[in-house]
Structure formats: C-alpha cells, structure tokens
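Asks: test case, fold it:
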Amino acid sequence: MKRKISRGRLNGLDLIKKNIYFIGRIMKNIFQKQYSFFILILIGVVFFYFGLAWGKKNNSNSNSPVSNLTNFVEELVKPGDLIKNIDNNQPGKVDFDIFWKTWSSLEKKYIDQGDLNSQDMIYGAVKGMVDAIGDPYTSYMNPKESKAFSSDMEGSFEGIGAELGMKEGGLVVIAPISEMPAEKAGLRSGDRIIKINQEMTSDISIDEAVSKIRGPKGTGIVLTVISQNAEESKEIKITRDTIDLKSVNYEQKWGNIAYIQITSFSEDTANEFNKEITKVIADNNKGIVLDLRNNPGGFLNVAIKIASRFVPSDSVVVQEERQDGTIQKFESLGGNVFSEIPVVVLINEGSASASEILAGALRDINGSKLVGQKSFGKGSVQEFQEFQDGSSLKVTIAKWLTPNGTSINKTGLEADIEVKLSDYDIETKFDSQLNKALNEMSAQIKSK
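Replies: Numbering: from 1, shown residues only. Have a look, this model is predicted:
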C-alpha cells in the first residue's frame, strides 16, 4: 500500500471522490441491513474528514479551495496539537474556547459597541498574557507605550524624573534623578508609591505607572508614598518638567580625589565619561570616588565600556546565565587608564542594573570598597523586540552574575562600609555617605 501511494499521489479532491464511491457502497449495505440513518451520517463525516486530511498531507503546497478548507478543518479540530504545554515542555492542548467566547460576548452584548476597538483588544490580550508570567521586567508595550520607552533611553522626555521598579509586589522608587522635579519635591529611593492621583497602585504594572506619571511639562501630579521606616503615608505634589539627562559629572575634591558621579547608563554616557577622563588625568588625581547612588542602570554595553577604563584588559566584567544554564562572559574592552588608581564606589538602594554590574566588577577585580547601603538587586537581562505595528516586547532572557559568580538579582550588593543617611542628613543636605567615601579614599592614598 505504501509503495502504491508513493508512486501515484492523489490530491484531496480525488480522495473525496473515492470516499463518496465507498460511502455509496456502504450506504447500500447499510440500507440492506436496516442500520440507522444517524450511523450513516457519522460514517460519511468520518470518511470526508480523512479524505481532506490525506489530501492536505499530499498537497502541502497547494492553494486550492480543497487545500484551504483542509487547513481550516484540521486546525479547528485539533488546535491543541500546535501548542506547546509549558508545564512539561511537551505538545499538549490549550483551551482557547474561553478567549473566543469572551470576544464574542463583548461583540454581541457590550452596550457601547462604538467603543470596541479590535486592535486595542488584541493589545490588551497580549499584555495580559505577558503580565501573567509575574516578572515585572517582562512587559508588552503597545505602539504609544513603546515610543515613550524609546524616548526615555534616548535621554530626554517630560515627566518627574524618577526610575520606578517593583519590590515585594509593590511599586517603589528605585531612584530620583538628581536635580529633577521628583528629587526637588522630596521623593526618595525606596519610597513605596501607593497612589497616583488618588488611584491605588496595588494592581498596576511598571509600564502603566510610568504612563500615568509621565506628562507634559508644567502639569502637576500627586503621589501618595510611604517612606522607608515610616508608619504613615504622605502626599508629594510634583510639577512635571523636561527631563534632560546629563549622566556624568566630575569634580575634584580635597586631597586630589576625583569625584565622578554617573546618574544613568544611557546612549551618551560612555561618550560623556570619556570627555571627563582628560580632566581627571589633567588634575593629577590620586584616587577616585565613583558615585553610582540613585543610578537605575541602562545599557549593558555602556557599563562594560566604562568598566573597561578601570579594570585590566581581558578581565571578565559580567556574566550572563541563560535559561538552559549556559553562561556567557563579557570581557573588558581595553583602555584601562584608571586600573592603577584606587577607587571607592558609592552605592545605595537606588543603584540598580548596570550600576550594580559596574560596582560588582570593580569590587571583584580591583578590590574596590563599596560604601553606602545595599543596592536594589535588579540583576536580570531584558531583550527588546520591536514589531511591525510599533508595539514591542521586553522579555527577561538571562540573569547577571558578577565576575566571581555572585548573583545580583533580587539580592543586590552589600556595602563593605555601611552608611545610612539620617533624617538630619537629608534635612541639612549633609552627605555623610560621600564624606565617609572621601575619608576612606584619603586613607588608602596615605597608605600607599
């Protein structure tokens, strides 16, 4: 039988004709034996389906009406065969019936039919699917949200100037940007945002929160927050402004100590840092205090470029652990002009992502001391994928490890010398953490 079929391939229509012939003969026998009409119809349907299925198998490239009908019937009858069962990584069945029933009910019963937008419903369905994973850094963005996200990474937008994150299931401030509206209004790293303009944030995603907080320059917003170690909430009124990110600042401190502040790792940060290098060298500095406090992170490649200025060539700056257990190592790029200069790194609960990578590399490779408070613990890698309609997917694909293999994700980096800012420090704007870092650097310079 197999040999015969391989020599003379039959299309779906031929098979249907043959099945009709066989059905006719069966009908004759059935009527002769006085079988029920129901059984007759059932047998006819079974033969018809197998005729279509076999026709499709032997005419996979056909675009005929029969082939198209076959495709439709087969996918309608067995959609589960095309779906992977995530729980056991085996082919399985997924019930889409509830999705289509819901869609149908909305189209038939929803009172304001003019408000229904099929494309927006699809965006919402995809967003819900992604959110169900439970990872705050894996997110789907519709075209409008995707455009706003891209403008953030370019370094200029309108809003309050604060990086948000999720911690212990709540919306928190990772870091307010220096000299921007959020910081000026009193928003601090670690503040838990419980309301945005009186709207609760208990079930909100990061992207939704950013969308609600961002707005035109000159407009106001009220955030209800609970600060760390506080028992009662407070309202903070903020006026939005243009957020222009100058990410690198340099100043020479007493005792020939270079103070370098990096506020983010955006597209221009590496270029800005390289411009400041000549000033640091020209001022004959003996040590460096690198301030990564309230730095929410940014691009991995930018962090590697800056780390390359501090660590020996070919040093492993960071490692990525993938879902299959494989580990990819990223090495420094050379140009290590500061590898012989002692460095102290300032971190706090607002230091996240790429700033944790840089701090971890300097401690593991150069033995640099970390001063301040434990970092945020955002040590995961996101891949950004854009779609043709302008929407995008940001999906977590790996976790970061320091050169020594220490995981950053959720645990953060502990400070070697812990210094907490007191309420008095904040009120008087006395930076006890920076003061401690300068003293530590001064002691290292004298010990040389």
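Asks: so which bits of stretch 135-145 are buried?
Replies: By 16 or more other C-beta atoms under 10 Å, the buried positions in stretch 135-145 come out as 136-142, 145. Every residue, glycine included, has its C-beta placed from N, CA and C.
Asks: just the ones of these in strands?
Replies: 139-141 (DSSP state E).
Asks: wait, what's in contact with A270?
Replies: Contact partners of A270, counting by C-beta atoms under 8 Å, 6 or more residues apart in numbering, are 302, 305-306.
Asks: my error: substitute P296 in the last question.
Replies: Contacts of P296 (C-beta under 8 Å, 6+ apart): 163, 165, 174-175, 264, 350, 352-353, 355, 376, 378.
Asks: quick one, phi psi at the residue lying closest to it once chain neighbours are set aside?
Replies: Of all residues not flanking P296 in the chain, E163 sits nearest, at 3.3 Å (C-beta to C-beta, 6 or more residues apart in numbering). Backbone geometry at E163, expressed as degrees, to the nearest 10, gives phi -90, psi 130.
Asks: so what's the gap between stretch 242-260 and the chain middle?
Replies: 29 Å (C-alpha atoms, centre = their mean, to the nearest Å).
Asks: same thing with stretch 270-281?
Replies: 30 Å.
Asks: tell me which residues of stretch 292-302 are tucked away?
Replies: For stretch 292-302, by 16+ other C-beta under 10 Å, it's 292-300, 302.
Asks: ok, back up a step: could you dump the contacts of P296 into TSV with distance to S150 added?
Replies: Below are those laid out as TSV (distance: C-beta to C-beta, whole Å):
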residue	distance to S150
E163	16
G165	19
I174	20
A175	20
S264	15
G350	23
A352	20
S353	18
S355	21
F376	23
K378	20
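Asks: export stretch 246-258 as CSV, just CAs?
Replies: Provided in CSV are the C-alpha atoms of stretch 246-258 (Å, rounded to 0.1, in the frame of the first residue of the first chain):
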residue,chain,number,x,y,z
LYS,A,246,23.4,64.6,31.7
SER,A,247,24.7,61.4,33.1
VAL,A,248,28.3,62.1,34.1
ASN,A,249,29.5,64.8,36.5
TYR,A,250,33.1,65.4,37.6
GLU,A,251,34.5,67.5,40.5
GLN,A,252,37.9,67.5,42.2
LYS,A,253,37.6,67.1,46.0
TRP,A,254,40.2,67.8,48.7
GLY,A,255,43.3,65.7,48.8
ASN,A,256,43.4,65.3,45.0
ILE,A,257,40.5,63.0,44.9
ALA,A,258,38.3,62.8,41.8
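Asks: buried residues of it, list them for me.
Replies: Across stretch 246-258, burial judged by 16+ other C-beta under 10 Å covers 247-248, 250, 253, 257-258.
Asks: start and end of stretch 377-389, how far apart?
Replies: 33 Å (C-alpha to C-alpha, to the nearest Å).
Asks: now it: average pLDDT?
Replies: The pLDDT scores in stretch 377-389 average 89.
Asks: stretch 239-251 now?
Replies: In this model, stretch 239-251 has a mean pLDDT of 87.
Asks: and if you look at stretch 217-230?
Replies: The model assigns stretch 217-230 a mean pLDDT of 91.
Asks: quote the end-to-end distance of it.
Replies: Stretch 217-230 has an end-to-end distance of 31 Å (criterion: C-alpha to C-alpha).
Asks: what's it in contact with?
Replies: Here stretch 217-230 has contacts from 158, 160, 173, 187-188, 190-198, 213, 215, 232-242, using C-beta under 8 Å, 6+ apart.
Asks: and it, what's buried?
Replies: Applying 16+ other C-beta under 10 Å to stretch 217-230 flags 221, 223-227 as buried.
Asks: what do you get for stretch 158-174?
Replies: Within stretch 158-174, the residues scored as buried using 16+ other C-beta under 10 Å are 158-167, 171-174.
Asks: quick one: least confident of the residues you listed?
Replies: K167 (79).
Asks: that residue: what's it in contact with?
Replies: Contacts for K167 (C-beta under 8 Å, 6+ apart) come out as F376.
Asks: for the contacts of A270, which one is nearest D431?
Replies: I306 (22.5 Å; C-beta to C-beta).
Asks: so which strand or helix has the closest residue to that closest one other than its chain neighbours?
Replies: Nearest residue to I306 in three dimensions, chain neighbours excluded: F273, at 5.5 Å (C-beta to C-beta, 6+ apart). If you go by DSSP states H and E, F273 is part of helix 269-282.
Asks: quick one: mean pLDDT for that helix?
Replies: 93.
Asks: can you give me how far that helix is from the chain middle?
Replies: For helix 269-282, the distance to the chain centre is 30 Å (C-alpha atoms, centre = their mean).
Asks: please renumber the chain so that the first residue is 52 from this point on.
Replies: Taking 52 as the first residue, the last one we looked at is helix 320-333.
Asks: list the buried residues of that helix.
Replies: 320-321, 323-324, 327-328, 331.
Asks: show the residue spans covered by the helices in the chain.
Replies: 53-58, 63-83, 88-109, 116-128, 148-160, 169-182, 194-205, 232-236, 257-264, 320-333, 351-358, 405-417, 474-479, 483-498 (DSSP state H).
Asks: averaged pLDDT, the longest one. What do you get?
Replies: So that's helix 88-109. pLDDT averaged over helix 88-109 gives 48.
Asks: swap in the shortest one?
Replies: Rounded to a whole number, the mean pLDDT of helix 232-236 is 92.
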